[in-house]
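1. Mind folding the following:
(2 chains)
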Amino acid sequence: ETGVTQSPTHLIKTRGQQVTLRCSSQSGHNTVSWYQQALGQGPQFIFQYYREEENGRGNFPPRFSGLQFPNYSSELNVNALELDDSALYLCASSFFGGVATQYFGPGTRLLVL
Amino acid sequence: KQEVTQIPAALSVPEGENLVLNCSFTDSAIYNLQWFRQDPGKGLTSLLLIQSSQREQTSGRLNASLDKSSGRSTLYIAASQPGDSATYLCAVRPPETSGSRLTFGEGTQLTVNP
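-> Just a heads-up that it's a prediction; the model follows:
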């Protein structure tokens, strides 16, 4: 059973640019959630994908968007980057329904200059 | 809106001590509560998950309790070790029909000194 993986591990962008982060779900999982964790804070829910559709969204603007693919992997896209977007981005996978324990990946550290 | 608070924000103890981390939440309508560990700059490792119908869960030196009616959970760590040093986060999940989004506290940063 493989765990949740994310790429890249680190990324540096400048304000106004666009970024794509990637996540591969744990084997057997069909739901992916994305979280943003600013330094010293708890993770904040961005959105969740199930059956390739957005299934819940937190308080994040539309420039945060995502995709889920048939193999349940996922992408997080952020357009028009702002300095405050600098954070650790975490992906979590789970099986929709039941206890649905979420398993987190190692995260992508994004720095916006 | 669900809010989760963790006290204390930071804790430093000598090796061998037993300790308690606290988590409170404002809306008792939860599906489950999960405790995580996070090492610096890393992802989250799930420690314990308590369903809303359960009172406690145990794993090794860790014991988590849940009092849903009062909106509280505690994580008890027995005989602490330097390797326990990390940030501990609690998170609540809303009722199942609301999806599986988690609301996190800000964490307790634990340092266990040799």
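2. quick one: low-confidence ranges for the chain?
-> I'll assume chain A. For chain A, residues meeting the criterion pLDDT under 70 lie at A:1-2, A:97-100.
3. that's the wrong chain, I wanted chain B
-> B:96-99.
4. Which residue does it have closest to chain A?
-> B:Phe104 (3.4 Å; C-beta to the nearest C-beta). Any C-beta I mention is one placed from the backbone N, CA and C, and that applies to glycine too.
5. Please list all residues in contact with the closest residue to A:Pro8 other than its chain neighbours.
-> The shortest distance from A:Pro8 to any non-neighbouring residue, by C-beta to C-beta, 6 or more residues apart in numbering or on different chains, is to A:Thr108 (6.1 Å). For A:Thr108, the contacting residues are A:Gln6, A:Ser7, A:Pro8, A:Thr9, A:His10, A:Leu11, A:Leu21, A:Leu88, A:Tyr89, by C-beta atoms under 8 Å, 6 or more residues apart in numbering or on different chains.
6. Same question for A:Thr5.
-> Neighbour list for A:Thr5: A:Cys23, A:Ser24, A:Gly105, A:Pro106 [criterion: C-beta under 8 Å, 6+ apart].
7. Repeat the analysis, applying 6 Å as the threshold.
-> A:Ser24, A:Gly105 (C-beta atoms under 6 Å, 6 or more residues apart in numbering or on different chains).
8. So which residues make contact with stretch B:29-43?
-> By C-beta under 6 Å, 6+ apart, the list of residues contacting stretch B:29-43 reads A:90, A:104-107, B:44-52, B:64, B:66, B:73, B:75, B:86-93, B:95-96.
9. Can you measure across that stretch, start residue to end residue?
-> 27 Å (C-alpha to C-alpha, to the nearest Å).
10. if I read this right, A:Phe60 contacts A:Ile46, doesn't it?
-> Yes. Contact criterion C-beta atoms under 6 Å: A:Phe60 and A:Ile46 qualify, at 5.1 Å.
11. Compare these two (neighbour count), which wins?
-> The residue with more neighbours, out of A:Phe60 and A:Ile46, is A:Ile46; 23 against 15, by other C-beta atoms under 10 Å in any protein chain shown.
12. List the buried residues of the strand or helix carrying the more buried one.
-> Taking DSSP states H and E as the definition, one finds A:Ile46 inside strand A:44-50. Neighbour counts over strand A:44-50 (16 or more other C-beta atoms under 10 Å in any protein chain shown) mark A:Gln44, A:Phe45, A:Ile46, A:Phe47, A:Gln48, A:Tyr49, A:Tyr50 as buried.
13. got the residues of chain A near chain B?
-> Counting by C-beta under 6 Å from any C-beta of the partner chain, chain A comes close to chain B at A:41-43, A:45, A:48, A:55-56, A:90, A:94, A:100-101, A:104-107.
14. Now, the residues you listed that are in helices?
-> Using DSSP state H, no member of those falls in helices.
15. Quick check: residues of chain B near chain A?
-> So chain B meets chain A at B:Gly43, B:Leu44, B:Leu49, B:Leu89, B:Gly99, B:Ser100, B:Arg101, B:Phe104, B:Gly105, B:Glu106, B:Gly107 (C-beta under 6 Å from any C-beta).
16. Thank you kindly, that will do.
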